[in-house]
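Chemist: Provided below for reference: sequence and predicted model.
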Amino acid sequence: MTYGLMKTNLFALLLLAVLWSCNDDDNGSNRNNTTPAPNQSSFTATFNNDMLSSEMNVARELSNGRFMIRTKLENSVLKFTFGQFDGNSVYTFDGAVGNDVEYVVITGQDTTVFQNLDGDITITDYEESALTFNASFDITLVRVDNPGLTTTLEGTYSNLQITQIEEPATGQVTAFYEEEEYFNF
């Protein structure tokens with residue numbers, strides 16, 4: 001009986017040690033979790049002396065080779081389009097190089113569109129492995145329906161992550177709007 005009791009106790013201790021080591025493994029994997037945290041980008045700017053900010057930002061290379069940054073604000077959308085993305089660089093918006101800025105303001109039933117007249121955006125801290133970058137810009141915009149009215153837009157992006165387009169699976173489609181991939185915020 002002593003041998004049987006000793007065998008049972010030894011089995012119980014062994015089972016307890018195995019369970020305890022499994023529990024330690026689980027806790028250790030939580031501490032060393034390699035799953036990346038969601039990207040939190042931010043946008044701040046001034047437009048006509050109004051402060052703008054947003055965390056609803058998208059940066060993507062389009063299927064036609066162009067590159068786009070799009071920011072959704074409460075009643076407006078800002079869109080930068082580049083002929084191509086070369087990482088850390090200064091991108092000029094003077095109408096001649098294929099780089100464009102469009103700022104659309106919606107007030108009730110009225111839509112006002114501003115486009116670039118001059119200026120640039122500077123991409124810094126581009127990390128190719130993480131596909132993130134920072135940017136600062138200073139753009140002179142012209143109102144499309146009244147070219148005599150100009151204004152400035154200046155601001156920054158922080159920790160903006162490039163979203164890569166994945167080829168759709170069989171049976172799925174990619175949506176386009178005005179020859180550009182649709183952005184859903």
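Modeler: Okay, I see it. The structure presented is a predicted model; accordingly, all values stated were derived computationally and were not measured. Numbers count the residues shown, from 1 in each chain.
Chemist: Residues in a beta bridge with Ala45, which ones?
Modeler: Beta bridges link Ala45 to Leu52, Gly155, judged by DSSP bridges.
Chemist: what about it, neighbour count?
Modeler: 23 (other Cβ atoms under 10 Å). Quick note: C-beta positions are derived from backbone N, CA and C, even for glycine.
Chemist: so Asn57 sits right up against Leu160, yeah?
Modeler: Yes - the criterion here is Cβ atoms under 8 Å, and Asn57 meets it with Leu160 at 5.6 Å.
Chemist: shared neighbours, these two?
Modeler: With contacts defined as Cβ atoms under 8 Å, 6 or more residues apart in numbering, the residues shared by Asn57 and Leu160 are 41, 69.
Chemist: The two: which is more packed in?
Modeler: Leu160 (24 against 21).
Chemist: What ranges does this protein have for its helices?
Modeler: Per DSSP state H, the chain carries helices over the ranges 2-31.
Chemist: just for it, where's the confidence low?
Modeler: Scanning the chain for pLDDT under 70 picks out the ranges 1-39, 96, 165-185.
Chemist: which residues in it form strands?
Modeler: Assignment of strands within the chain using DSSP state E yields the ranges 42-47, 50-54, 57-61, 67-72, 76-82, 89-92, 100-107, 110-127, 132-143, 146-163, 176-177, 180-181.
Chemist: could you dump the first one to CSV, C-alpha only?
Modeler: What it means is strand 42-47. Provided in CSV are the C-alpha atoms of strand 42-47 (Å, rounded to 0.1, in the frame of the first residue of the first chain):
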residue,chain,number,x,y,z
SER,A,42,-2.0,61.0,-37.0
PHE,A,43,-2.6,64.0,-39.2
THR,A,44,-2.5,67.7,-38.1
ALA,A,45,-2.7,70.8,-40.3
THR,A,46,-3.9,74.3,-40.5
PHE,A,47,-6.2,75.5,-43.3
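Chemist: Not counting sequence-adjacent ones, nearest residue to Glu55?
Modeler: Once flanking residues are discounted, Glu55 sits nearest to Ser42: 5.8 Å by Cβ to Cβ, 6 or more residues apart in numbering.
Chemist: I'm done for today, thanks for sticking with me.
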